Each structure stands twice: as C-alpha cells, then as structure tokens.
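[1] I'd like to go over a predicted model; first the sequence, then the structure.
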Amino acid sequence: MTERSVTHATFAIERVYEVPPARVFAAFARKKQKDRWFSGSSDWTLLEHEFDFSEGGRERLRGRWPNGTVSYFDCHYKNIVPGERIVYAYNMVIDDRLISVSLATIELKPAGAGGTRLTLTEYGAYLDGYDDAGSREHGTGLLLDKMAATLQDEPANA
C-alpha cells in the first residue's frame, strides 16, 4: 500500500521584460505564442494539447519523454484580468500518478520605459513521497526565460 503524505512548498519568481504588459500577457493568452515557449524540450513528444484561455477554461498538455515517461499538465484558469493578472490551479501527473496540485498567480506591472515586471507566485502540495527538491521552481524559471527569448524574437504586433 502507498504511504500517503503531503509536502507543501511556496516560491516566487520575478522577471523584467523589455516589452509592454500586453505583449507579456499575450504570451500566455494566445495559443500560437504560448506554443513557442511552453512545452517540453526538443526530444519531448506532444501527445495531447487543449487550450482554452478563459476564466473557467482549461489547458492540458501531455507528452512523452525519450525514456517513455509521460508527463501531464492539467490546468484550470480561475481569474484573468487582461494585461494584469492570471490565477490558475493545476495538477501535474507523471505516468498516471498525481504528483502535485498547485495554485499559481502571475502579476504583470509596468516597469521602466515600456517594460513589464512579472511576478509568479506558486503554492504547491507535493503528494505521496514525491520530493520536488526545488525542481518546479527551477523548471518554471527556465520556461519564463524561454518566454523572454520568444518575446525578443517576435514582432511587436504579433
């Protein structure tokens, strides 16, 4: 029998982007833009993707890694204020095993001359022996850096 346990963790990540809040928001809100930065590495195979960026909407992303492991991100959007805030809850599943349930908030504020300060705060419940050891924070930071690179590469009217 599996021993049941919950480990709680919270982290916050801050980034400053040299584009306006509307462009950073669009990187989350528009499927074509989000697809450019929010996924596994090049050796990750997409199996399923659903994208409904709206309050009450759902985003699901499932893929297979080269070793056969299947990861699954299942997100529900709770609150969206265009250009300012995104609140969502999500489950992470590895090979049909629920490993965590999280609540995340993204806040966007003007910064400098036309830039954006993004603050992402996440509270996670890591389940039944899954020891995150900071990997969620690290991975989230890498995704935000990947998003920064796509913001630099796309035209302002994208």
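    Done, it's in. Numbering: from 1, shown residues only.
[2] Gly83 is in contact with Lys109, correct?
    No - in this structure, Lys109 is not within contact of Gly83 by Cβ atoms under 8 Å, at 10.1 Å. The way it works is simple: take the backbone N, C-alpha and C, and place the C-beta from them, glycine included.
[3] more neighbours, those two?
    Higher neighbour count among Lys109 and Gly83: Gly83, with 16 against 13, using other Cβ atoms under 10 Å.
[4] host element of the more buried one?
    Using DSSP states H and E, no element contains Gly83; it sits outside every helix and strand.
[5] From Ser71, how far off is Ser135?
    Going from Ser135 to Ser71 by Cβ to Cβ, to the nearest Å gives 12 Å.
[6] Those two - which one has more neighbours?
    Set Ser135 next to Ser71 and count neighbours by other Cβ under 10 Å: Ser71 wins out with 17 against 9.
[7] who touches the more buried one in this structure?
    Residues in contact with Ser71 (Cβ atoms under 8 Å, 6 or more residues apart in numbering) are 40, 62-63, 65, 92-94.
[8] could you redo the last one with a cut-off of 10 Å?
    40, 44, 47, 61-65, 92-95, 99 (Cβ atoms under 10 Å, 6 or more residues apart in numbering).
[9] what's the answer for Tyr90, then?
    Taking Cβ under 10 Å, 6+ apart as the test, what Tyr90 contacts is 58-61, 73-77, 100-104, 122, 124.
[10] In strands, which of those appear?
    58-61, 73-77, 100-104, 122, 124 (DSSP state E).
[11] Out of those residues, who's the most crowded?
    Ranking those using other Cβ under 10 Å puts Gly124 first, with 23 neighbours.
[12] partners of the closest residue to that one other than its chain neighbours in the sheet?
    Spatial nearest neighbour of Gly124, chain neighbours left out: Ser102 (4.3 Å); criterion: Cβ to Cβ, 6 or more residues apart in numbering. On the basis of DSSP bridges, Ser102 takes part in beta bridges with Tyr90, Gly124.
[13] show me what contacts Ser102?
    Contacts for Ser102 (Cβ under 10 Å, 6+ apart) come out as 9-10, 75, 88-92, 122-126, 136, 140.
[14] cool, and Cys75?
    50-53, 57-61, 88-92, 102, 104.
[15] Nearest to Leu151, out of those: which one, please.
    Phe53 (17.2 Å; Cβ to Cβ).
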